[in-house]
Structures are given as structure tokens and as C-alpha cells.
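> After the sequence you'll find the predicted model.
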Amino acid sequence: MRIADDIWHRVRKLREAIEQHNYNYYALDAPTIPDAEYDKLFQELQELEQHYPQLITPDSPTQRIGAAPLKAFSQIVHRMPMLSLGNAFKAAEVDAFDRRVRQTLGVDSVEYAVEPKFDGLAVSLCYEGGIFITGATRGDGYIGEDVTLNLRTIRSIPLQLQADGYSARSPVFMEVRGEVLMLKADFEKLNRQQREKNEKEFINPRNAAAGSLRQLDPGNTATRRLTFLAYGIGACEGGNVPRDKHSRVMDYLASLRFPVARERNVVSGATALLEYHREIEELRERLPYDIDGTVYKVNDLAQQEKLGFVSRAPRFAVAHKFPAQEAVTELLGIDVQVGRTGTLTPVARLKPVFVGGVTVTNATLHNEDEIRRKDVMIGDTVAVRRAGDVIPEVVAVQKEKRPPHAKFFIMPEHCPVCGAKAVRLPGEAVTRCTGGLFCPAQRKQAILHFASRRAMNIDGVGHKLVEQLVDNAIIRTPADLYKLGITALATLGRMAEKSAGNVIGAIQKSKNTTLARFIYALGIRNVGETTAKDLARYFGALDRLMEADAEDLQQVPDIGPVVAQSIASFFAEGHNREVIEQLRAGGVRWEEGAGTQQAKADSSAGLSRLSGKTFVLTGTLMNLTREDAREKIEALGGKVAGSVSKRTDYVVAGTDAGSKYHRAVELGIAILDEAGLLQLLQDSQGGLHSTSRNL
DNA sequence: CAGCCTCGAGTTCT
DNA sequence: CTCGAGGCTG
């Protein structure tokens, strides 16, 4: 059926009007028509589209909601990583930041783009040819969760970019970086509704926003009013995106109708930064959204590039945080917890107190020294804050309020769980239970670690189940997991047959693993994920690792006498060897190889040009994530190190390469760009089939 | 031998 | 996320 031009025209008009009103309302905070009027336009559009479904396009405002619920979020790789910012809390730290920047750039004064630091969830929005395609959470900075459908329901996110004052044509590709948050007013409204429905209230706008964005059913997200605020651009191709100043990039984003902070500004010098911070702090209460500080970025993009990055944070920007909010409460007692390696950790039990958005009841006291340093006694009145915004911490004791019956804490001489002697070695801060695996606490933790995601990755074997299995003497070691039958699980009563079946299934599935995961899963002291990988790569086979003495072990890069000794002692223990035997007999298996130990010798035979070569990755790669690049290099026998030294063979420099690049130049080390790396990888594959380039 | 960087381990709450 | 410690570099 052909659609009359006037209907087509009307639909287009309606869409434009609705997006314009969305923009006025959400980005400018200046609606020009009453809500009822807006609803009428929306309804008319919906009716027309219902009537003529062929008119529906994904960028229609009616299509913001509409997809069916998901089962799980899939992953999205950020083209340019979403790094975190360094923090400053005090004026002196801001001064130091400015001084460093000036020194590196060799100038007297630096211009900064400044803005409030929104307290929400960082997301990255991908636009292709001006159309909103996908959006993802920050995740680990490299890979995030695909929350496109939920983001589409946020009306301040443009589904299609308008032509703008800079360019009539949209960038071919653009990642827009910003924060999803809930306005204070919308948060109050949501909680009122939750209260009326007798459902749980949210603790703060940030949690409400996070909960809403992580809904699997976009329909749910749509009922919560979320807002987006842009603060920058990630990877980008084409279009007339400004390349000179960050402030111009922000103006550009605003011209594309992205909401940006109205309080943004450009200032010069450290004094002006502190002045801005003070102004924003004064404004804080009156802002429509929560913030947790201010952000300062070197405005000149060429200067930004010159400053580069240190490990995971840019050197050209810093987050100046407001002091963490503190609350005062009572310390009711100090419990002692036993960790996987037998560490005894004193934990403060607090009278519940609301601080930094959550109710805190526990706070770690780390160790005995820490308790002495802070002079904490049971019964004290203490100030508590959430350090780094997450982990609660006892800041100080109000000694004038100390009651006469306050009790001095003494670290127990015996493990509170198994009763074995607790020892504190000279020079060490921690006290450890000597019960080893006879201590049920350590045994439980060891099994939990074995099953954890990064180790054997057994779903469903969590805290509670392990507790029950060990307490009821159903299992004693990780190897016993593989002997579990469905009937054994059923004796626990609580567990339905189906979920028991799931657990058994997950255990079976975990039998196929890798040597690196297996080594990590063993829980050898001082051997984490990275060291486990190093060991697996070097030895290639478990037996060779088990036979190695401390001296052999120190041949492995990054392993010194301490770690070597931990490993050797672990395998010297008959009990550990027995568990490993049982695991193998129980069907746990992995692929073994020659290891680089041997590969090093035959690299001259041309097996792989990369064996024994050390790479350092820096900057952002376009078509590979660092993880990909790392895997590919390692697959061919190369090693990826963190920092450049004269022992480095190649530095792979992406865009925004920083200090490592400069160091490589200084040291005269071969520098590859991404294409060069891919070429090298391909050439080095020799007789192997070339893998798909994945471009 | 000092300083830098990376890794391991422990921790809270939803 | 943060701290402490181990390992490497200069």
C-alpha cells in the first residue's frame, strides 16, 4: 500500500517536534510546551505508526522502548578504552598536578577545561553515520556490557544526530562518552512510587540509576526516568569534530544536542582550579543531580597528547573529589576473620550507620598495628567513611567519648575457627593461623577460590553451599567436588533437585580447563592469575612445574626467591600432591605443551620468531583491544611487559601513546604501529594457518 | 639501594 | 579500591 505524502510528512513533523521537545526538556531544561501537549503529539505519532507500520523506523521516538526482555547482556569492546581518572582530595594535590603538567609541557600557565564530576554510571554511545547504534557500560574500561536497549529509553540521548553548526555531515563513527544518572527530583518521585507499591526503596540516585540501567527488560528501564550528560568523545572518524580544544569538543557535542553540564568552564592556573572547585561545592546542594567533585582537563588537545598516560590514567586530567562524607557511630565489637591464606583480620562491628549512600555495619581494621595506630578500643565512638567511595573505613576515634568500660583489643593467640596457634612473623604486619587446611575456614576459602570465576569457573558453588558441604563433612578438598553425586547434594535438603543438577553440570563442565587456570585454582600463596599464566607458559606441563626446585623456578621472568619458595613448598607437601592426583583422576584435564623453556631453545630453528621477545603495548589500538593483542603475541610465544626497558624488543604504539613511546625512542627500541604488529604476527606464524584478522 | 611498577590478597554491600 | 610486598631498573 502506498502512503500518502501528507501522512509521511506529518509523521516526520511529529518526530521532529517530539525530539525538539525532548531536547528542550532534557538537555536545556527549558520546556516550551506543557506535558499534556507533548503526550498528545506522542500519541498521535503512535497511532499513525500503528496504522502504517511500514513507517516505523528505529530512530522514531516511539521506538525507544519496544524490544523484548533480554536473558543476559552481551559484551561490547570499546574502540578507545574508557580509562579512570587520578584523584586529588586536597589543594596541595591539585597544585602538584598543575605543577607536573606545567613542567612536562615546559610552560608557565596551563588552560584547563573544568566541569562537575557527575555521580552516575559512565557509558559509551556509538554512533555510525549519525545513528545511535550501540551503547555500553564502562565495564573494566576495555569491555563493557551492551545496554543499548536500555539507553534507547533515555530521552536525552539523541537517536539520530542533527546537522550542526560545524558540519552538515555526521562523523562516520563516533563514541560519545558520558554519564547516566537520575536527577534528584526523579529519584524522590521514584522512591515515593516504590513506597506506595510497598516495594523496596533505592538508597541514592546513583544506585537507582545503576539498577535501572541494568534491567534486562527495557520496559522496566523506561518507567524510570534517567538522564544522560556527555563529557567527551572516544574513538571517532570523519565529521568535523574539533581537534584543537576539549572545550570546543564539548561545544560541538552540545551543538549535536547532547546534554552537557551547564557549569562547565575554562580557567587557567591552579588558583583558578581551586576557586572553581569552591564555587561548585557551594552550588552542590542546588544542582539537580548528585556530583562527587570536579574534573580538570588540560584544554589543549595537542598538550593532552604530549602528556599521555600513566598506566591506566591520563596525565592530563584529574578528578578533584569532595571529602568523603563521614558519620559517627559506636564500635560494638571486633571480630576476627580467617582468610584463604590463614590471615587473621580484625573487623569492626559497628552500630549501623548511613554513610556515603549505604548503611555500614562492618569495617575492616586490617591488622593489629592498624588498631594500635588508630588507638581503637571496643566501645569507642568512631568516625566512619567510605574510602575510595566503596570500602568502609574507621577514620578516627573520639577519645573524649571513650567510656570507662572500653575494652582493649588483643589479637588472639589461637585461630578463632580451628584453634591452631596463630603466629605473627617478625617484620610482618599480619598474624596467620597455622592450621593450614586442617582449619575449616581456610579449607572453605580454598574451595571457594578453586571454584571462582577466574579459576575453575564453577557456577553455583558459592559461599553458602561450600559452608554446608564442608560443615557436613561431605567434601574436604576441591577434588571432592568431582566425586559429588546428586544424592549427596540432596541430603542437604534445602536444594531443589533441579538446582542440584545445575551444580553437578557446572562441575562437570569445569573439567575442561587450561593449565594456567588450574595452577591459579590451586591457591598457592603469592601465585595469582598473572603468575599462574607465567608458570603455565614457561613450563607448559604440570609435571615439569611440580618437579622444579626453587632455583629452576627463579628462571621464570618475574619470579624471585620468595615466590619460588612458596611454589616449591606447595608442591613439596604430600597432601597437595595427593589432591592434584585426585583431581586428574577425577577427570580434570587441560592441554599441555612444550613451554617456552624449550621453545626458547628452538626459536632459532624458526618455530616462531616471537618466542622470547618482549613487547610493550602503549596507546590505543584501533582494531584490537590490548587483550587481543596480548593473546596473539603470547600465542606465538612472545611476552607482553608493562613498561619499557632496554630488554624490550618491540614497543607497539597506538594513538595517544605516551611516556612509553618516548622512552622507546630514547632507548632506540623498535617501534611498531598496529599494522606493523599485525604484519609481524602474520609473518611469525610460519606454517600455521593464518587466523582471521578480525577487522 | 632507592624508586617504580605490577601483582596478590583482603574487603563491603547490593 | 587500596595496601603491602616482590621484582626489576637505573
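All right, it came through fine.

> Which stretches in the stretch 351-500 of chain A count as strands?
A:358-364, A:381-387, A:391-397, A:422-423, A:431-433 (DSSP state E, counting those that start in this stretch).

> pLDDT averaged over the fourth one - what is it?
When pLDDT is averaged over strand A:422-423, the result is 86.

> Quick check: neighbours of that strand in the sheet, parallel or antiparallel?
strand A:431-433 (antiparallel) (DSSP bridges).

> Touching the strand it pairs with from outside, list them.
Applying C-beta atoms under 8 Å, 6 or more residues apart in numbering, the external contacts of strand A:431-433 come out as A:338, A:341-344, A:367-368, A:411, A:415, A:417-418, A:420, A:422-425, A:439, A:441-442. C-beta coordinates here come from the backbone N, C-alpha and C atoms, glycine included.

> switch the cut-off to 7 Å
A:338, A:342-344, A:368, A:411, A:415, A:418, A:420, A:422-424, A:439, A:442 (C-beta atoms under 7 Å, 6 or more residues apart in numbering).

> Give me the buried entries from those.
With burial judged by 16 or more other C-beta atoms under 10 Å, the buried subset of the contacts of strand A:431-433 is A:338, A:342-344, A:368, A:415, A:418, A:420, A:422, A:424, A:439, A:442.

> Filter these to keep only those in contact with DNA strand C.
When contact is defined as C-beta under 7 Å from any atom of the strand, those do not meet DNA strand C at all.

> mind giving me JSON lines with those residues and columns for distance to DNA strand B?
Compiled in JSON lines, the buried ones among the contacts of strand A:431-433 are given as follows (distance: C-beta to the nearest atom of the strand, whole Å):
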{"residue": "A:Val338", "distance to DNA strand B": "8"}
{"residue": "A:Gly342", "distance to DNA strand B": "7"}
{"residue": "A:Thr343", "distance to DNA strand B": "4"}
{"residue": "A:Leu344", "distance to DNA strand B": "8"}
{"residue": "A:Glu368", "distance to DNA strand B": "13"}
{"residue": "A:Cys415", "distance to DNA strand B": "13"}
{"residue": "A:Cys418", "distance to DNA strand B": "15"}
{"residue": "A:Ala420", "distance to DNA strand B": "15"}
{"residue": "A:Ala422", "distance to DNA strand B": "13"}
{"residue": "A:Arg424", "distance to DNA strand B": "14"}
{"residue": "A:Cys439", "distance to DNA strand B": "12"}
{"residue": "A:Gln442", "distance to DNA strand B": "9"}
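
> hmm, back to that, could you look over the strands of the stretch 351-500 of chain A and pick the most buried one?
The highest mean neighbour count among the strands of the stretch 351-500 of chain A, using mean count of other C-beta atoms under 10 Å, belongs to strand A:431-433: a mean of 23.

> one step back: tell me which of the strands of the stretch 351-500 of chain A lies nearest to A:Gly86.
Proximity to A:Gly86 (C-beta to C-beta) singles out strand A:381-387 among the strands of the stretch 351-500 of chain A, at 16.0 Å.

> Would you mind pulling up the elements that the closest one packs against?
When contacts are defined as 3 or more C-beta pairs under 7 Å, 6 or more residues apart in numbering; DSSP states H and E, strand A:381-387 sits against strand A:326-338, strand A:343-355, strand A:391-397.

> In terms of mean pLDDT, which of the ones you listed ranks lowest?
strand A:391-397 (a mean of 83).

> Please work out the angle formed by the directions of that strand and strand A:381-387.
140 degrees (axes from the mean of the first three to the mean of the last three C-alpha atoms, to 10 degrees).

> which helices and strands sit right next to strand A:391-397?
strand A:358-364, helix A:368-374, strand A:381-387.

> Strand partners (parallel or antiparallel) of the last one?
In other words, strand A:381-387. strand A:326-338 (antiparallel), strand A:391-397 (antiparallel).

> Can you lay out the helices and strands packed on strand A:391-397 as a markdown table showing mean pLDDT?
Listed next are those as a markdown table, based on pLDDT from 0 to 100:
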| stretch | mean pLDDT |
| --- | --- |
| strand A:358-364 | 86 |
| helix A:368-374 | 81 |
| strand A:381-387 | 83 |
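
> so which of the ones you listed gets nearest A:Gly435?
Closest among the helices and strands packed on strand A:391-397, using C-beta to C-beta: helix A:368-374, at 19.0 Å.

> Tell me the helices and strands packed up against the closest one.
Under the contact definition 3+ C-beta pairs under 7 Å, 6+ apart, helix A:368-374 sits against strand A:391-397.

> Need the contact partners of the strand it packs on.
Here strand A:391-397 has contacts from A:326, A:348, A:360, A:362-363, A:365, A:374-376, A:380, A:382-387, using C-beta under 7 Å, 6+ apart.

> The closest residue to DNA strand C within the stretch 1-150 of chain A and A:Thr227, how far apart?
The stretch 1-150 of chain A approaches DNA strand C most closely through A:Ser84 (5.2 Å), counting by C-beta to the nearest atom of the strand. Going from A:Ser84 to A:Thr227 by C-beta to C-beta, to the nearest Å gives 22 Å.

> Which one's more surrounded, those two?
A:Thr227 (25 against 13; other C-beta atoms under 10 Å).

> Run through the bridge partners of the more buried one.
Going by DSSP bridges, A:Thr227 forms beta bridges with A:Leu181.

> is it true that it touches A:Leu181?
Yes: using C-beta atoms under 7 Å, A:Thr227 is in contact with A:Leu181, at 5.7 Å.
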